[in-house]
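> okay, here's the prediction I keep looking at, along with the sequence it came from:
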Amino acid sequence: IIQFDNVISNIGSGYNEDKGVFTARIPGYYQFTVHAHTVVNKQAEVRVMFNSERVVSVWADGTIGHREENTAQKAPMSPFMSAPTPKSTPKQVHEMGSSNSFIIKMSRGQKVYCLLPANQVLAGLGFSSFSGHLLRVTSD
């Protein structure tokens with residue numbers, strides 16, 4: 001479970017930063033947003049879980065810019081376009097971020113948290129984030 005340790009606000013104390021888990025204290029509709037940012041040459045698939053089921057995922061791939069020189073001639077996309085002039089493309093350095101959000105109905109005590117596979121890396125320093133808020137109160 002990802003522990004987002006830079007908590008900006010935690011009204012109602014629903015987010016436990018020691019465990020990385022949000023627990024609904026009030027039943028209702030909640031909106032959550034997750035932003036994942038990975039570093040050069042690494043990947044991150046953040047899985048957002050509602051209780052023990054995946055709701056959405058966020059994919060960030062810092063490896064897509066790492067490619068060898070490409071001198072291959074590309075075919076034209078249409079008869080009205082010409083292929084680009086072949087060039088030597090140096091290796092590029094990329095970091096990547098991606099976001100996702102969702103609205104979900106939660107009962108008191110239900111949980112939302114984020115998972116990251118052990119071999120993947122998230123960027124810190126505020127580049128990756130998890131936020132949520134209550135949209136509408138409902139009865140349990």
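Received it, and whenever you're ready, just let me know what you need.

> show me where pLDDT drops low in this protein?
65-94 (pLDDT under 70).

> those strands in it, which residues are they?
Counting by DSSP state E, the chain has strands at residues 15-16, 21-23, 28-38, 43-50, 53-61, 96-106, 111-115, 129-137.

> what helices or strands is the second one leaning on?
Where contact means 3 or more CB pairs under 8 Å, 6 or more residues apart in numbering; DSSP states H and E, strand 21-23 is packed against strand 15-16, strand 111-115. All C-beta spots, glycine's among them, are computed from the backbone N, C-alpha and C.

> can you list the strands that the longest one pairs with?
Translated: strand 111-115. strand 21-23 (antiparallel), strand 43-50 (antiparallel) (DSSP bridges).

> quick one: it to chain centroid distance?
12 Å (CA atoms, centre = their mean, to the nearest Å).

> do stretch 29-40 as well
On CA atoms, centre = their mean, the centre of stretch 29-40 falls 4 Å from that of its chain.

> from what I can see S13 touches T23, true?
No. Applying CB atoms under 8 Å, one finds S13 not in contact with T23, separated by 9.2 Å.

> between the two, who's got more neighbours?
Each of S13 and T23 has its neighbours counted (other CB atoms under 10 Å); T23 has more, 17 against 8.

> and the closest residue to the more buried one other than its chain neighbours, how far from D61?
Nearest-residue entry for T23: K111, 5.2 Å, with adjacent residues in sequence omitted and distances by CB to CB, 6 or more residues apart in numbering. According to CB to CB, to the nearest Å, K111 stands 28 Å off from D61.

> and if you look at E17?
E17 is 27 Å from D61, by CB to CB.

> off-centre distance for stretch 120-139?
Centroid displacement of stretch 120-139 relative to its chain, using CA atoms, centre = their mean, is 10 Å.

> cool, and stretch 54-63?
The answer for stretch 54-63 is 5 Å, by CA atoms, centre = their mean.
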